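1. What follows is a protein structure lacking sequence information:
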Ligand code: SF4
């Protein structure tokens, strides 16, 4: 790696911690040997990286075990996070103790409520005997420095969590694909987190690998979208080096961001950029289509590997039911939407009428005649 490539650092909200703008995500440490995990961590530390995050559920503790072995003797070089899916006090305490043992440490900086996907889960966390009281107790005991929150559902849960939980940090997805159908992340969640002094760590800058065709573009785009730290899942030293090189170049400027949205190969002539060229209803329809399949299923030709990747990733968020509920509640006149779409000249060369018919078909679970 070029010796001059050093990761920039940033204050994480008002936590008092200063982190490298790139963090290592622990999920992909499950799929590689401990030796390779050590190489990945070595390369990351060498580049000035200092934030590593994992979760109890990643390989049922395997990621934590490997990282614990690799960090032994140099635990003080990193700010460390882990996460638990438990919502009750006893459960999260048990998992926190297991995380501490696996990570071979007596202290974890941030412990997350992981993948909180419903309001009922949030209620359980904050209710009697819930996980919140248990983590606050653990904080008083010095086992953790602060609390974190992550979800894989629409931004509303983050807004609620930021109001109801005494958080230090959130982990939320951020990339130029998801931004097109969840603009509330930057418009609402980031400002509220900032107002409350909560640090923002952003996952999935490559949209689970979907943005593999232009990783530097994707990383530099996400770097400029408002988070403090980008979390990259990496399972090879080359990936660390690639990410470090991109982050070291800094975020894209406004002109480059506009060009990225225009030219990004994955957005192509299908993903709606929400440019305002369609009515509010049509743009909302395309955002709901994003909830169904991330606008990945475009019925356009792709090479087999790319097509297989689309099929694998399209349903990752599992939000089709939410999309269909919102679609039903909207009560749109489908024929009127298609008629309007027929008159739109999209600056991104999207066939808007075709797209409207496809989006309606997905939301109504009907076959679309593409003849
Ligand atoms: S003109 Fe194209 S990019 Fe703009 S809102 Fe309509 S479909 Fe989306």
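-> Sure thing, it's come through. It should be emphasised that the depicted structure is a prediction, and the values quoted were computed from it without experimental measurement.
2. pLDDT wise, what is the residue nearest to residue 261 when sequence neighbours are not counted at?
-> The shortest distance from residue 261 to any non-neighbouring residue, by CB to CB, 6 or more residues apart in numbering, is to residue 273 (5.4 Å). The C-beta positions use only the backbone N, C-alpha and C, and glycine is treated the same way. On pLDDT, residue 273 comes in at 97.
3. Check residue 3 too.
-> 53.
4. thinking again about what came up before, secondary structure element for the residue nearest to residue 261, which one?
-> Using DSSP states H and E, residue 273 maps to neither a helix nor a strand.
5. my guess is it meets residue 267, correct?
-> Yes - using CB atoms under 8 Å, residue 273 makes contact with residue 267 at a distance of 6.9 Å.
6. Now the chain against the ligand: closest residue?
-> residue 277 (2.8 Å; CB to the nearest ligand atom).
7. Compute the distance between that residue and residue 254, please.
-> Computed as CB to CB, to the nearest Å, the residue 277 to residue 254 distance reads 20 Å.
8. Tell me the bridge partners for the residue nearest the centre of the chain.
-> In the chain, the residue lying closest to the centroid (CA atoms, centre = their mean) is residue 173, at 2.0 Å. On the basis of DSSP bridges, residue 173 is bridged to residue 203.
9. Please tell me I have it right and it contacts residue 203.
-> Yes - counting by CB under 8 Å, residue 173 does reach residue 203; the two are 5.3 Å apart.
10. mind giving me the domain split of this structure?
-> 9-261, 280-364 (automatic domain parsing).
11. Switch those over to TSV; also include distance to the ligand and mean pLDDT.
-> Formatted as TSV, those follow (distance: least, CB to the nearest ligand atom, whole Å; pLDDT from 0 to 100):
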stretch	distance to the ligand	mean pLDDT
domain 9-261	8	96
domain 280-364	3	95
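12. quick revisit: joint contacts of residue 273 and residue 267?
-> 180, 261, 348 (CB atoms under 8 Å, 6 or more residues apart in numbering).
13. most neighbours, which of those?
-> Among these, residue 180 has the most neighbours (other CB atoms under 10 Å), with 22 neighbours.
14. Setting aside sequence neighbours, what's the nearest residue to that residue?
-> Nearest to residue 180 is residue 271, by CB to CB, 6+ apart, at 5.5 Å.
15. for the one you found, phi and psi?
-> Main-chain dihedrals, residue 271, degrees, to the nearest 10: phi -80, psi 130.
16. dump the residue contacts of it.
-> So residue 271 contacts 177, 180, 290, 295, 350 (CB under 8 Å, 6+ apart).
17. how many neighbours does the residue nearest to residue 183 when sequence neighbours are not counted have?
-> If the residues on either side of it in the chain are set aside, residue 183 comes closest to residue 274, at 6.5 Å by CB to CB, 6+ apart. By other CB under 10 Å, the residues close to residue 274 number 17.
18. Do I have it right that residue 274 meets residue 180?
-> Yes - in this structure residue 274 lies within contact range of residue 180 using CB under 8 Å: 5.9 Å.
19. overlap in contacts of the two?
-> Joint contacts of residue 274 and residue 180 (CB under 8 Å, 6+ apart) are residue 287.
20. how about the residue nearest to residue 183, what does it touch?
-> Here residue 274 is in contact with 180, 183, 283, 286-287 (CB under 8 Å, 6+ apart).
21. got the residue ranges for the helices in the stretch 51-200 of the chain?
-> Applying DSSP state H, counting those that start in this stretch to the stretch 51-200 of the chain gives helices spanning 62-71, 89-102, 119-126, 131-140, 156-164, 184, 190-195.
22. mind putting those in JSON lines, distance to residue 80 included?
-> As requested, the helices of the stretch 51-200 of the chain are exported to JSON lines (distance: least, CB to CB, whole Å):
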{"stretch": "helix 62-71", "distance to residue 80": "8"}
{"stretch": "helix 89-102", "distance to residue 80": "9"}
{"stretch": "helix 119-126", "distance to residue 80": "22"}
{"stretch": "helix 131-140", "distance to residue 80": "14"}
{"stretch": "helix 156-164", "distance to residue 80": "21"}
{"stretch": "helix 184", "distance to residue 80": "30"}
{"stretch": "helix 190-195", "distance to residue 80": "21"}
